[in-house]
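> Just a sequence and a predicted model for now, questions to come.
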Amino acid sequence: MKEIVRKLDVNVIKYMNFFKTVTNTNAKDCIVFDNDIYFITEKNMAGKAVGKGGKNIRALNNSLKKQVKIFEYGDSPEQLTKNFLFPLKIIECTLKDSKLEVKFQKASDRRYLLGNQQEKLKQFKAILKRFYPQVEEVSVLQ
């Protein structure tokens, strides 16, 4: 797979350096929205980044004054989706042509993406598009 080169602004670089200082883990990427910051780690590194009992993520939340979410990179759109939505229960996640379909076990899990004017869904689509530009549509099923 071709590596995508991303331009990082000064603030994102500062966030990534601070993340490494707090968690002792490298971030593969950092995506900043208004009140949310998403740090994407390499495989099997999210647990270390979160820290024992969530201490690192609490420190990041308090210091950055934003809601921080940490999840692992996925080698496919389906795996990235599952990692982003963890610990929610996904029954099925499939990519058909350029459409990703996500089916949840519970309606309450589905509301995570669809609630609050679909803010999380919009953020997820932006993150997914950043790593997998071939995905043009995301459908959330019950």
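Received the coordinates, thanks.
> can I assume Leu88 sits in a strand?
No. Going by DSSP: H, G, I helix; E, B strand; the rest coil, the assignment for Leu88 is coil, not a strand.
> A helix includes Ile40, no?
No. Ile40 is assigned strand when assessed by three-state DSSP, not a helix.
> In contact with it, which residues?
27-31, 70-73, 127 (CB atoms under 8 Å, 6 or more residues apart in numbering). (Each C-beta comes from the backbone N, C-alpha and C, glycine too.)
> Ranking by neighbours, what's the top pick from the residues you listed?
The residue in the contacts of Ile40 with the most neighbours, by other CB atoms under 10 Å, is Ile70 (25 neighbours).
> Do I have it right that that one meets Lys48?
No. With contact defined as CB atoms under 8 Å, Ile70 does not reach Lys48; the gap is 9.7 Å.
> Need the residues touching each of the two.
Common contact partners of Ile70 and Lys48 (CB under 8 Å, 6+ apart): Thr23.
> Which residue ranges of the chain form helices?
With helices called from DSSP state H, the chain shows them at 10-23, 46-50, 55-64, 77-85, 107-131.
> Same list, those helices, but as JSON lines with distance to Phe39 and mean pLDDT please.
Formatted as JSON lines, the helices of the chain follow (distance: least, CB to CB, whole Å; pLDDT from 0 to 100):
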{"stretch": "helix 10-23", "distance to Phe39": "5", "mean pLDDT": "94"}
{"stretch": "helix 46-50", "distance to Phe39": "7", "mean pLDDT": "95"}
{"stretch": "helix 55-64", "distance to Phe39": "8", "mean pLDDT": "96"}
{"stretch": "helix 77-85", "distance to Phe39": "12", "mean pLDDT": "95"}
{"stretch": "helix 107-131", "distance to Phe39": "11", "mean pLDDT": "88"}
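> Tell me which of those approaches Lys96 most closely.
Among the helices of the chain, helix 77-85 comes nearest to Lys96, with 11.0 Å by CB to CB.
> What distance do you get for the spatially most central residue of the chain to Asn17?
With distances taken as CA atoms, centre = their mean, the residue of the chain nearest its centroid is Phe84 (4.2 Å). Distance of Phe84 to Asn17, computed by CB to CB, to the nearest Å: 23 Å.
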